[in-house]
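> Predicted model, plus sequence, below.
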Amino acid sequence: RLSSRSSTPHYSEIKVAVPRSIEAQNKWILANLFRRVAQAGHAPLPVQQWERARMVTAVPALDRRSNILRMLGFHPLLHNWEVPLRQPVGINPLDVYLDVSGSVLPFVGALCRAVLECRDFVNRKIHLFSTHVHTRDVSELSSGHLQTSGGTVFGCVLRHMQRYGIRRAVILTDGWLETPEDRFKDFLRTCHLAVALTPNGKLGVLSPWVRHHARLLLN
């Protein structure tokens, strides 16, 4: 594959047809990889706790202040209301980078489903990369439309991670990437990376930096 190093991305649209027969297995493979990266250095997943969130409502509530005002003859328009919410604890959401070359397209459906299944500890914003990083919500990817600027440059992923302080990430790729530049190597040593490889993909130049990897299936 050729790599374009133009500073201005020129995006083209790709329509993706996802074979349903392989999605269940690949969704499980990806979800397991997400859990391994998210769990690193933390307590076993899922880590949950119940918290009480305050909200304002026009519906009369068992709120001490509202009750006192009503006893004094006032009729407040708004009332405070507490609702219990279950929140993940101690887990920083990991990020997903999707190599939008042709070889990864059959796995996009499984990726979207795995992200939704693991939404407590995976960022719903998925980073598509070719020669530039383009971020989209998982709901947009589910439509089957992806954007690519052609070629594949891993350096754009590393620049994006470094710029936004991302150190836990899963990368879906065929592994045909260039060797990271020396200026990124110290940063890579501080990262917890996993790679989901296409069936014929290879770790190659990523192997020194990847802590977990898995191979996706076609049949």
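Okay, I see it.
> rest of the way, CA atoms for contacts and neighbours
OK.
> for this structure, longest helix please?
Secondary structure assigned by DSSP state H gives helix 23-39 as the longest helix of the chain.
> who does that one touch, helix- and strand-wise?
Helices and strands touching helix 23-39, by 3 or more C-alpha pairs under 8 Å, 6 or more residues apart in numbering; DSSP states H and E, are strand 94-99, helix 108-117, strand 168-173, strand 192-197, strand 210-215.
> Kindly reformat the ones you listed as TSV containing mean neighbour count.
Output for those, formatted as TSV (neighbours: other C-alpha atoms under 10 Å):
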stretch	mean neighbour count
strand 94-99	24
helix 108-117	22
strand 168-173	23
strand 192-197	23
strand 210-215	17
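> Of the ones you listed, give the one that comes closest to residue 23.
Nearest of these to residue 23, taken as C-alpha to C-alpha: helix 108-117 at 4.7 Å.
> What helices and strands are in contact with that closest one?
Checking 3+ C-alpha pairs under 8 Å, 6+ apart, helix 108-117 ends up next to helix 23-39, strand 122-129, helix 138-141.
> What pairs with the second one, parallel or antiparallel?
Sheet pairing of strand 122-129 (DSSP bridges) gives strand 94-99 (parallel), strand 133-137 (antiparallel).
> Out of the helices and strands packed on helix 23-39, which gets nearest to residue 71?
Closest of the helices and strands packed on helix 23-39 to residue 71 is helix 108-117, at 47.4 Å (criterion: C-alpha to C-alpha).
> relative orientation of the closest one and strand 94-99 in degrees?
Helix 108-117 runs at 170 degrees relative to strand 94-99, counting by axes from the mean of the first three to the mean of the last three C-alpha atoms, to 10 degrees.
> Quick check: which ranges of the chain have low pLDDT?
1-20, 41-70, 74-91, 144-145, 149-150 (pLDDT under 70).
> quick one, what contacts residue 103?
174, 198 (C-alpha atoms under 8 Å, 6 or more residues apart in numbering).
> Hmm, I typed the wrong one, I wanted residue 125.
Taking C-alpha under 8 Å, 6+ apart, one finds 95, 96, 135, 136, 137, 138 in contact with residue 125.
> ok, now residue 178?
153, 154, 155, 205.
> of all the residues you listed, which comes closest to residue 186?
Checking these one by one against residue 186 (C-alpha to C-alpha), the nearest turns out to be residue 155, at 14.1 Å.
> Now do the closest one against residue 188, distance only.
12 Å (C-alpha to C-alpha, to the nearest Å).
> I figured residue 138 was touching residue 127, is that so?
No. Judged on C-alpha atoms under 8 Å, residue 138 makes no contact with residue 127 at a distance of 9.6 Å.
> hang on, the earlier thing: and the strands paired with strand 122-129: which comes nearest residue 107?
Short answer: strand 94-99, nearest of the strands paired with strand 122-129 by C-alpha to C-alpha, at 10.0 Å.
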